[in-house]
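[1] With the sequence up front, the predicted model follows.
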Amino acid sequence: MQKHAIARNEKDPAQPAPSLRLATTEDVGVVGPARQLQRDLAKALAAERGWTVRRTVVIGAVFNAAVLGSLVLAAGGAIPHLTR
């Protein structure tokens with residue numbers, strides 16, 4: 001309750017309230033500096049190393065197989081038998 005009262009008192013009555021409108025084809029999306037930096041780094045690393053979609057898919061499949069295999073072993077109680 002107190003936050004609402006503070007926010008209401010801090011509003012500048014001289015500024016008009018923002019109006020809402022539907023987006024059109026001329027509107028441009030806002031990209032923050034962090035997102036732009038992330039995109040630039042991804043492009044630079046992909047160009048430098050020759051990274052491909054196929055390599056990404058293969059690495060993802062191997063990673064998921066390793067995680068799922070570990071979960072299966074843990075669920076089956078096989079880990080204590082392997083460490084003997």
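    Arrived safely, thanks for sending.
[2] all contacts plus neighbour counts: C-alpha atoms, from now on.
    OK.
[3] Now do residue 46 against residue 20, distance only.
    For residue 46, the distance to residue 20 (Cα to Cα, to the nearest Å) stands at 40 Å.
[4] Which one's more surrounded, those two?
    It is residue 46, of residue 46 and residue 20, that has more neighbours when counted by other Cα atoms under 10 Å, with 13 against 6.
[5] What is the three-state secondary structure of the more buried one?
    helix (DSSP: H, G, I helix; E, B strand; the rest coil).
[6] Any idea which helix or strand in this structure has the lowest mean pLDDT?
    helix 2-10 (a mean of 51; mean pLDDT, DSSP states H and E).
[7] Could you check how far residue 81 is from residue 74?
    Taking Cα to Cα, one finds residue 81 at 11 Å from residue 74.
[8] neighbour count winner among the two?
    Remark: of residue 81 and residue 74, residue 74 carries more neighbours, 12 against 7, as counted by other Cα under 10 Å.
[9] can you tell me which residue is nearest the centre of the chain?
    Per Cα atoms, centre = their mean, the C-alpha nearest to the average position across the chain is that of residue 35, at 9.9 Å.
[10] residue ranges with poor pLDDT in this structure?
    1-13, 47-49, 78-79, 82, 84 (pLDDT under 70).
[11] So in it, which helix runs the longest?
    Using DSSP state H, we find that the single longest helix of the chain is helix 53-76.
[12] Before I go, just wanted to say thanks for your time.
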